[in-house]
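Enquirer: What shape does this take:
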Amino acid sequence: MATDELTTKLRSYLQGLSGDARALIVRSIEQSKARGEMSQVHDLILSAMRGVMRNTGDVFPRVRTAERAFFEPLTPIIIDEHMPDKERGRIERRSLRPIWTWLTRDLAQGRFDDTLADARATAAIDDEKALCSCGRKLRKTFLPAAREAIEETEARYGGLHRLAGQLGTPRVVEDLHDMLDIFEHEDVFAEFRRRLPAKVPPGRDGFQSINLAFGAFEGTPLEVQILAYGYLIPRLGAPGDLVRYAVEEAHTDRPSHLRKTRHAPAVSALLGEITREIEVVTNALERDRNSDTAVNALRRFHEHVRAMTSALDNETQDNWFRRLAQLRTRMSDRLAHEIEPIPGILRRALKAVAKDGVEIVPDSFAVTEANVGARLLMAARHAAESLAINSLVTDTHKQVEQLIETLGQRAMDDLEKIGPTNRDARLARAELAIDLGAIVLGREYGKLMQRKRDAALGAAQGSSRRAS
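Expert: Residues are numbered from 1 along each chain as shown. As a prediction, this is how the structure comes out:
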């Protein structure tokens with residue numbers, strides 16, 4: 001069974017457990033990790049659990065481990081998504097375990113075995129302050145050993161393909177390079193984070209705060225400073241402020257001029273966020289069918305695209321705008337795959353279906369797909385100017401409106417002839433029509449449908465009393 005399919009099945013199982021049961025599972029696994037026990041099964045369960053936690057809002061107390069203490073400075077820049085290309089200042093979560101395995105299995109032997117053992121022993125007694133100190137010491141000893149191993153591999157094999165084989169993929173090696181640069185300048189990055197407000201205000205005040213924070217990097221190479229944007233993005237009210245900041249500080253909105261300044265990485269960082277939102281949408285729709293996650297990511301995608309196109313002069317031949325055009329096409333293609341079948345999905349969910357003369361209640365899958373489709377369609381309509389599927393969205397929206405008005409009214413009419421054998425099915429179709437009407441045609445239309453439902457049920461009850 002493919003890993004993604006297994007993760008999806010695990011999420012479904014974990015979603016059905018109580019919050020306390022999920023917390024117990026997480027704590028048990030993390031206690032095992034604190035003892036130095038490593039298991040791919042544990043990693044798979046935690047990966048599935050993260051998806052559930054995003055849906056349920058669960059927040060579990062984390063068990064401190066040597067591994068977590070070692071990676072602590074990277075926490076704000078770790079992402080769950082697998083990006084199509086390496087984004088500087090972002091480290092994929094899937095890279096952490098191969099690097100930790102390389103550290104414990106290969107690098108530590110004969111170099112810093114005692115330091116690793118101390119960190120694990122400290123994690124086991126749950127002394128947080130001492131464990132932070134152990135994590136820092138472990139990073140300091142890991143850094144030169146890793147640099148030396150990389151240099152030896154390059155000299156011996158003429159490249160890092162062998163190391164990529166050891167770690168699993170070239171992406172892990174790319175993330176490792178970012179990690180080593182951050183560890184080498186750990187105090188500088190810590191000072192940068194200390195100077196940044198928890199939430200950077202918009203406008204000039206925010207730009208001054210960003211400049212103050214970047215002052216911590218005085219004397220460090222620009223290639224290192226680039227990584228700081230990964231720490232900055234989560235603290236911005238709107239990541240689109242990145243490009244506004246770059247334009248303001250560079251005193252130009254022309255890409256050809258801006259890319260020659262030290263502020264150019266801000267635009268690249270925003271393009272990285274736009275790319276990431278495409279991956280969030282893809283994962284939400286392919287793995288979880290989570291419309292909330294997909295719709296929110298599409299909204300952010302639209303905001304980022306709009307920020308870039310409004311702040312920069314549109315030099316269509318510039319590489320930034322070429323990349324943006326490619327990203328807009330990618331998101332459009334991904335959404336077109338979802339939007340095209342929406343009318344058919346809604347028609348099947350709302351249409352009365354009978355088996356052996358008895359109407360069938362719409363199954364939960366059909367109801368979920370109808371709601372996901374409707375919400376995604378409306379989000380795409382809102383983000384139309386950032387996409388390349390205007391005609392598809394417009395035509396589909398018209399079809400869906402007509403379907404809801406026609407089949408929704410039919411569902412309300414059928415309530416007037418409700419009986420014991422069809423009651424559940426007709427009520428379910430009426431409720432679905434109300435929900436879809438509110439999503440597509442607005443809340444007031446949903447309230448109108450509710451009044452029609454109540455009137456139809458009242459008429460049905462009156463007919464039943466007169467008949468008796």
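
Enquirer: Helices of the stretch 1-150 of the chain, start to end?
Expert: With DSSP state H, counting those that start in this stretch as the criterion, the stretch 1-150 of the chain has helices at 3-15, 19-34, 40-56, 66-71, 93-102, 113-124, 128-157.

Enquirer: looking at those helices, which is buried most?
Expert: Highest mean neighbour count among the helices of the stretch 1-150 of the chain (mean count of other CB atoms under 10 Å): helix 66-71, with a mean of 23. (Glycine included, C-beta is placed from N, CA and C.)

Enquirer: Using the three-state scheme, assign residue 409.
Expert: Three-state assignment for residue 409 (DSSP: H, G, I helix; E, B strand; the rest coil): helix.

Enquirer: what do you get for residue 159?
Expert: Per three-state DSSP, residue 159 ends up coil.

Enquirer: and it, how many residues sit next to it?
Expert: Applying other CB atoms under 10 Å, we find 10 residues neighbouring residue 159.

Enquirer: can you give me phi and psi for it?
Expert: With angles defined as degrees, to the nearest 10, residue 159 sits at phi 160, psi -170.

Enquirer: what's the domain layout of the chain?
Expert: Domain ranges of the chain: 1-63, 64-184, 265-339, 342-467, per automatic domain parsing.

Enquirer: and of those, who's closest to residue 206?
Expert: domain 265-339 (12.6 Å; CB to CB).

Enquirer: measure that closest one end to end?
Expert: Domain 265-339 stretches 35 Å from its first residue to its last (CA to CA, to the nearest Å).

Enquirer: Excluding chain neighbours, what is closest to residue 204?
Expert: residue 248 (7.5 Å; CB to CB, 6 or more residues apart in numbering).

Enquirer: can you pull the buried residues of stretch 177-185?
Expert: Within stretch 177-185, the residues scored as buried using 16 or more other CB atoms under 10 Å are 178-185.

Enquirer: Quick one: residues in contact with that stretch.
Expert: Residues from elsewhere that reach stretch 177-185, judged by CB atoms under 8 Å, 6 or more residues apart in numbering: 73-74, 88-89, 91, 99, 139-140, 142-143, 146-147, 189, 220, 223-224, 227.

Enquirer: what's the distance between the residue nearest to residue 204 and residue 202?
Expert: Counting by CB to CB, to the nearest Å, the gap from residue 248 to residue 202 is 12 Å.

Enquirer: any idea which of the domains of the chain is most buried?
Expert: Each of those was scored by mean neighbour count; the highest is domain 265-339, a mean of 19, by mean count of other CB under 10 Å.

Enquirer: For residue 406, which of the helices of the stretch 1-150 of the chain is the nearest?
Expert: Proximity to residue 406 (CB to CB) singles out helix 40-56 among the helices of the stretch 1-150 of the chain, at 33.3 Å.

Enquirer: Between helix 93-102 and that closest one, find me the angle.
Expert: Orientation note: helix 40-56 sits at an angle of 150 degrees relative to helix 93-102 (axes from the mean of the first three to the mean of the last three CA atoms, to 10 degrees).

Enquirer: Quick one: residues in contact with helix 40-56.
Expert: Around helix 40-56, the neighbours that count as contacts under CB under 8 Å, 6+ apart are 3, 6-8, 10-11, 14-15, 19, 22, 25-26, 29, 32-33, 58-60, 80, 97, 287-288, 290, 292-293.

Enquirer: Next, the angle from that helix to helix 3-15.
Expert: Here helix 40-56 runs at an angle of 60 degrees relative to helix 3-15 (the same axes, to 10 degrees).

Enquirer: Tell me where the model's unsure across the stretch 1-150 of the chain.
Expert: Within the stretch 1-150 of the chain, the ranges that satisfy pLDDT under 70 run 1-5, 30-31, 33-38, 53-63.

Enquirer: in the stretch 151-300 of the chain, which spans are helices?
Expert: Secondary structure of the stretch 151-300 of the chain (DSSP H, counting those that start in this stretch): helices located at 161-167, 170-184, 186-195, 203-214, 222-225, 228-232, 241-250, 255-258, 264-283, 291-311.

Enquirer: so residue 232 makes contact with residue 196?
Expert: Yes - counting by CB atoms under 8 Å, residue 232 does reach residue 196; the two are 6.7 Å apart.

Enquirer: re earlier: so residue 248 and residue 202 - more neighbours on which side?
Expert: Counted by other CB under 10 Å, residue 248 and residue 202 do not tie: residue 248 has more neighbours, with 18 against 14.

Enquirer: pretty sure that one contacts residue 207?
Expert: Yes - with contacts counted by CB under 8 Å, residue 248 reaches residue 207, the gap being 5.6 Å.

Enquirer: pLDDT at the most centrally placed residue in the chain, what is it?
Expert: The centre of the chain sits closest to residue 280, judged by CA atoms, centre = their mean, with a distance of 4.1 Å. Note on residue 280: pLDDT of 95.

Enquirer: re the thing from before, between the helices of the stretch 1-150 of the chain, which one is closest to residue 343.
Expert: That would be helix 3-15 among these, by CB to CB, at 26.4 Å.

Enquirer: okay if I get the domains of the chain as a markdown table plus distance to residue 216?
Expert: Shown next, in a markdown table, are the domains of the chain (distance: least, CB to CB, whole Å):
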| stretch | distance to residue 216 |
| --- | --- |
| domain 1-63 | 28 |
| domain 64-184 | 13 |
| domain 265-339 | 16 |
| domain 342-467 | 35 |
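
Enquirer: Residue 67 versus residue 135, what's the distance?
Expert: From residue 135 across to residue 67, the span is 9 Å (CB to CB).

Enquirer: Ignore what I typed, I meant residue 12.
Expert: As judged by CB to CB, residue 12 and residue 67 stand 28 Å apart.

Enquirer: Identify the residues contacting residue 73.
Expert: 139, 182-183, 186, 189-190.

Enquirer: Please enumerate the strands of the stretch 251-400 of the chain.
Expert: Counting by DSSP state E, counting those that start in this stretch, the stretch 251-400 of the chain has strands at residues 354-355, 358-359.

Enquirer: wait, which of those strands is closest to residue 297?
Expert: Nearest of those (CB to CB): strand 358-359, 37.4 Å.

Enquirer: Can you list the helices and strands that that closest one packs against?
Expert: The helices and strands touching strand 358-359, judged by 3 or more CB pairs under 8 Å, 6 or more residues apart in numbering; DSSP states H and E, are helix 423-441.

Enquirer: and the helices of the stretch 1-150 of the chain as JSON lines, adding distance to residue 431?
Expert: Shown next, in JSON lines, are the helices of the stretch 1-150 of the chain (distance: least, CB to CB, whole Å):
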{"stretch": "helix 3-15", "distance to residue 431": "22"}
{"stretch": "helix 19-34", "distance to residue 431": "27"}
{"stretch": "helix 40-56", "distance to residue 431": "22"}
{"stretch": "helix 66-71", "distance to residue 431": "45"}
{"stretch": "helix 93-102", "distance to residue 431": "39"}
{"stretch": "helix 113-124", "distance to residue 431": "51"}
{"stretch": "helix 128-157", "distance to residue 431": "50"}
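
Enquirer: List just the one of these that sits closest to residue 386.
Expert: Across the helices of the stretch 1-150 of the chain, closest to residue 386 is helix 40-56 (CB to CB), at 23.9 Å.

Enquirer: wait, isn't the residue nearest to the centre of the chain in contact with residue 290?
Expert: No - if you go by CB under 8 Å, residue 280 and residue 290 don't touch, sitting 9.8 Å apart.
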